[in-house]
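**Q** predicted model follows, preceded by the sequence.
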Amino acid sequence: MGTSASSTGPNNKSPLVPSWAEQGDPVTTEPASGTDGDDQAGSDNDQPDNQNNDIDNDKVQQEIGGSPTAVPPPNRFASARRAFGKYAQSGGSSSDLRSSLKSYSKKGSGGGKSTSRRLASGITAGSGLLGVMRGDTVTVNSQSLSLGDLSGLSTDQAIDKIATHLAPDNADSDAVRIALDYALEEALPDTEEFDPNCFTDEVIQEAIGCYLTDLIFQDVVEGMGRAWFHVEPASKHHQMEVELRELIKVITQEKLDKVTDGNPSSISKDNITKIQADAIAMTVDEWESFDD
């Protein structure tokens, strides 16, 4: 899933929160007709989660609260890219990587809350991902999908169908699709045929954690831009991406566990927006505590 070498990344005039992260088509989640959501998902959700739920980027922004920084700080990527360039040239020094993430959180990304705002399209799609995994019907652009539609498919086909259905129709489409693919490939059992009953609470939390990990990972990769060009030989790109993603994953899973109080069954369509936004913000803010 390498994405590093193809982009020079945003510049200092790029907005912290692009316009498409503030608007977009809604994702509607409702109980699947003629099915028992608890049985379908292999879950025990005892919550009053039986009403329709619409979420879009505007609602995500409202959930996050506050107001985005109007004017990005000058040269906000300079220190992060400089440290990341050293990481690329050094053969993978973890101290340089951590220094880069620390600078990226403080300046380049605008902090955790701004990162959550920037990833609003992903958070909206993530609410739909939870709906599918919980056995609900999820509608995007007048097209609906539920677990029943995935019966008889291979696991790879089911993953592709979910990712294609939930990817937004905006500039974040590829990033969200890649994150959905990664999350489901990591979390689902390694079986040829897709099992609609595989989504236990533990699988659901693992999928959400991997999904948020990859959204954040891609944001960092994009933000570092041309600093990746320092990597020689090119074969080192994959090794560095693995190390970067694993570092992000450890922290993201820890923060997700914290915001759910260690109870995967507590994740519902009523709180999934806040859970995602909080986990993203807490992960990025954690980087500021890294030692220089």
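**A** Looks like it came in fine.
**Q** ok, which stretches of the stretch 151-292 of the chain are strands?
**A** Counting by DSSP state E, counting those that start in this stretch, the stretch 151-292 of the chain yields no residue ranges for strands.
**Q** what do you get for the stretch 1-150 of the chain?
**A** Secondary structure of the stretch 1-150 of the chain (DSSP E, counting those that start in this stretch): strands at 27-31, 53-55, 136-140, 143-145.
**Q** what pLDDT does Ala281 get?
**A** If you check Ala281, the pLDDT there is 97.
**Q** and the residue nearest to it when sequence neighbours are not counted, what does it touch?
**A** The shortest distance from Ala281 to any non-neighbouring residue, by Cβ to Cβ, 6 or more residues apart in numbering, is to Gly112 (3.2 Å). No exception for glycine: its C-beta is placed from N, CA and C like everyone else's. Applying Cβ atoms under 8 Å, 6 or more residues apart in numbering to Gly112 gives the contacts 105, 280-285.
**Q** mark which of those are buried, thanks.
**A** With burial judged by 16 or more other Cβ atoms under 10 Å, the buried subset of the contacts of Gly112 is 105, 280-285.
**Q** got CSV for those residues, with distance to Pro233 too?
**A** What follows is those, written out as CSV (distance: Cβ to Cβ, whole Å):
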residue, distance to Pro233
Ser105, 29
Ile280, 33
Ala281, 36
Met282, 36
Thr283, 31
Val284, 30
Asp285, 35
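**Q** of those, closest to Glu186?
**A** Thr283 (16.9 Å; Cβ to Cβ).
**Q** how close does Gln205 sit to Asn271?
**A** Computed as Cβ to Cβ, to the nearest Å, the Gln205 to Asn271 distance reads 13 Å.
**Q** those two: which has the busier surroundings?
**A** Taking neighbours as other Cβ atoms under 10 Å, Gln205 and Asn271 compare with Gln205 leading, 22 against 18.
**Q** so the more buried one sits against Ser266, correct?
**A** No - if you go by Cβ atoms under 8 Å, Gln205 and Ser266 don't touch, sitting 9.6 Å apart.
**Q** who touches both of these two?
**A** In contact with both Gln205 and Ser266: Thr260, using Cβ under 8 Å, 6+ apart.
**Q** ok, back up a step: okay, the residue nearest to Ala281: pLDDT?
**A** 94.
**Q** Leu166 versus the residue lying closest to Thr164 once chain neighbours are set aside, what's the distance?
**A** Closest residue to Thr164 apart from its sequence neighbours, by Cβ to Cβ, 6+ apart: Arg177 at 7.1 Å. Relative to Leu166, Arg177 is positioned 8 Å away (Cβ to Cβ).
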